[in-house]
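Trainee: with the input below, show me the fold.
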Amino acid sequence: MLVNYFKLKNISSRGRVIALSVVGGVFVLLLLFSIWQRNFSDTLIKYAPTDTDLYVHFSRPKINSAEKIDQIINNIFIDLALPDYESLDIDREVAVLGRLQNNQIQYGLIIKTNRPAKFKKLLTDAKLNYRPLTFNRFVVADQNWLETYQPDKNNFIRTNIAQRFHPLSSINIYVSSQFLATVTSDLNLNFVHLFLKNEHNDLAVSFKAKGDDLKMFAGGILSVVRSADEFIAQDLKPTIAGDLVLATTDAHLLLNNWQNNLKNISADDYQQFIASQLNTNLNTYLSVDNRQLFLVALKNGPQSGWLFDDYDFYISLENLYSEKVEEILKNIIANRYPIIKSVYLSDGTKVSELLPDPEQFSFVNKNGLKYLYAPDNQFILIYKSEGNNTIISNSESLINQNWPQFDGNYLRFNSSFLPDNSFTKYLKLFNVLEISERGIILK
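Mentor: Here you go, the predicted model:
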């Protein structure tokens, strides 16, 4: 077809050169992309057994070597009691395997190494069980698993899941629904599964490295949350410093969705939340009218264990009226600074108890700001009204700042908020998790 095109008499010599240049340029770009993609290719997936319930592939090409990825691998090696990560001379690839055996999770590794002889000696000296798959690829696992280990180049992950992974990712993760059913106590993992699960109820996500940052992909496309119509994320400009920054256009809906998700994931944790004072306050004072929310929180120095003192915060909430605000803030102070009251029991016995008394507190008006002081003057709560929004803070500095106007959804928080008893301990190697229009990013 192209030859016939050039034979046409009305095509000039210059036109032919341009056309050839365009075709040649496209060919070169495709060739370069193919070569680039090979640096991220997964050559270990075909050695996974059919009964693999967890598969995590780390790609470490020299062209895009992120230090944080190496740190994650190193921590996994420590958890699995392997020799020092650097000593194993990893050749670009590592894969973590998991399978369910008698409802227990067994873990293993497939490692591609540059020095097979040294690798075998290190594992032998460490009294670890391994099995060669090729001259430089080894599977490391419990001896019982190795005895029945059957690599399957047509395994389910390779034939059905691999196309869901991003082609240039540094980390690919697959978790089966059966695996997830055994870790119901891990709320963080189950929330991730709830938002990113596919039609098979499995979890398949990728992380693409950009320097030391990681961007999450799900199903081969960029994904913020599954219900994009409920949380359409945007960038926040200018960037705001804070340990927690949250903006949403519908706070009430976001809270209701979170509660419903918690109920579906863990009935016990849901009941504990329902019985908490926090839930009582939220349901007492928040309504469907309270939509626009903007929150900034900054961690203080020595931690007292009291949330409102451990963080300086700024909250702007739509349609929260002054009567409700003053009631909320008085209750916060009163519960922190209870007074001794005499109480009569059913048998007539008189006892003294520490009880909150919100009515002992009153607000002081200063230049349009309403101040509520603690009895020891070590703590204050402040609020003011601006249009339809009510602004609450415990810091004069924060409440007097000129914050940007933002009409969208955004979330960023420091990794210190994440627990250590979950997969999130690996995420704590990063400083910040951000959800913006660029996606879910670890920084």
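
Trainee: any weak-confidence spans in this structure?
Mentor: Counting by pLDDT under 70, the chain contains low-confidence ranges at 1-40, 61-66, 219-231.

Trainee: quick one, domains of it?
Mentor: Listed by automatic domain parsing, the domain ranges of the chain are 2-38, 45-222, 244-415.

Trainee: output those in TSV; the columns should cover mean neighbour count and distance to Leu236.
Mentor: No exception for glycine: its C-beta is placed from N, CA and C like everyone else's. Below are those laid out as TSV (neighbours: other Cβ atoms under 10 Å; distance: least, Cβ to Cβ, whole Å):
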stretch	mean neighbour count	distance to Leu236
domain 2-38	10	32
domain 45-222	17	17
domain 244-415	15	4
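
Trainee: figure out which of the ones you listed is closest to Ile440.
Mentor: domain 45-222 (4.0 Å; Cβ to Cβ).

Trainee: now the domains of the chain in a markdown table, with distance to Ala233?
Mentor: Formatted as a markdown table, these follow (distance: least, Cβ to Cβ, whole Å):
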| stretch | distance to Ala233 |
| --- | --- |
| domain 2-38 | 28 |
| domain 45-222 | 11 |
| domain 244-415 | 5 |
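
Trainee: I figured Arg327 hits Tyr285, correct?
Mentor: Small correction: residue 327 is Glu, not Arg. Yes. Using Cβ atoms under 8 Å, Glu327 is in contact with Tyr285, at 7.4 Å.

Trainee: any idea how far Pro419 is from Ser362?
Mentor: Per Cβ to Cβ, to the nearest Å, Pro419 is found 40 Å from Ser362.

Trainee: could I get the full set of helices for the stretch 101-250 of the chain?
Mentor: Secondary structure of the stretch 101-250 of the chain (DSSP state H, counting those that start in this stretch): helices at 116-125, 143-148, 156, 177-181, 187-196.

Trainee: tabulate those (TSV), appending distance to Ser276.
Mentor: TSV is the format used below for the helices of the stretch 101-250 of the chain (distance: least, Cβ to Cβ, whole Å):
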stretch	distance to Ser276
helix 116-125	49
helix 143-148	43
helix 156	42
helix 177-181	26
helix 187-196	15
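
Trainee: for Leu429, which of these is the nearest?
Mentor: helix 187-196 (15.5 Å).

Trainee: now do the closest one: which elements does it pack against?
Mentor: Where contact means 3 or more Cβ pairs under 8 Å, 6 or more residues apart in numbering; DSSP states H and E, helix 187-196 is packed against helix 177-181, strand 203-210, helix 251-265.

Trainee: out of these, nearest to Lys68?
Mentor: Shortest distance between Lys68 and the helices and strands packed on helix 187-196, using Cβ to Cβ, is found for strand 203-210: 8.1 Å.

Trainee: name the residues that touch stretch 330-347?
Mentor: Contact partners of stretch 330-347, identified using Cβ atoms under 8 Å, 6 or more residues apart in numbering, comprise 277, 281, 306, 308, 350-361, 372, 374-376, 379, 381.

Trainee: who does whichever strand or helix holds Leu381 pair up with?
Mentor: Leu381 is part of strand 380-386 when elements are defined by DSSP states H and E. Its sheet considered, strand 380-386 pairs with strand 369-373 (antiparallel), strand 389-393 (antiparallel) by DSSP bridges.

Trainee: need these in TSV (columns: distance to Asn102).
Mentor: Output for the strands paired with strand 380-386, formatted as TSV (distance: least, Cβ to Cβ, whole Å):
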stretch	distance to Asn102
strand 369-373	58
strand 389-393	53
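
Trainee: tell me which of these lies nearest to Asn155.
Mentor: For the strands paired with strand 380-386, the distance to Asn155 is smallest for strand 389-393, at 54.5 Å, taking Cβ to Cβ.

Trainee: output the next helix or strand along the chain from the closest one as PDB, nothing but the C-alphas.
Mentor: As assigned by DSSP H and E, the chain's next helix or strand after strand 389-393 is helix 396-399. Extracted C-alpha coordinates of helix 396-399, given in PDB (Å, rounded to 0.1, in the frame of the first residue of the first chain):
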ATOM      1  CA  GLU A 396      -4.400  31.800  66.500                       C
ATOM      2  CA  SER A 397      -1.700  31.500  63.800                       C
ATOM      3  CA  LEU A 398      -3.700  29.000  61.700                       C
ATOM      4  CA  ILE A 399      -7.100  30.700  62.000                       C
END
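
Trainee: other residues contacting helix 396-399?
Mentor: 296, 298, 312-314, 369, 380, 382, 384, 391, 393.

Trainee: quick check, Phe413 in a strand?
Mentor: Yes. Assessed with DSSP: H, G, I helix; E, B strand; the rest coil, Phe413 lies in a strand.

Trainee: that one contacts Val296, correct?
Mentor: No. Contact criterion Cβ under 8 Å: Phe413 and Val296 do not qualify, at 11.0 Å.

Trainee: now do the shared contacts for these two.
Mentor: Shared contacts of Phe413 and Val296, defined by Cβ under 8 Å, 6+ apart, comprise 244-245.

Trainee: Pro375: what secondary structure?
Mentor: Using three-state DSSP, the secondary structure recorded for Pro375 is coil.

Trainee: among the helices and strands packed on helix 187-196, which comes closest to Leu97?
Mentor: The closest of the helices and strands packed on helix 187-196 to Leu97 is helix 177-181. By Cβ to Cβ, the value is 11.2 Å.
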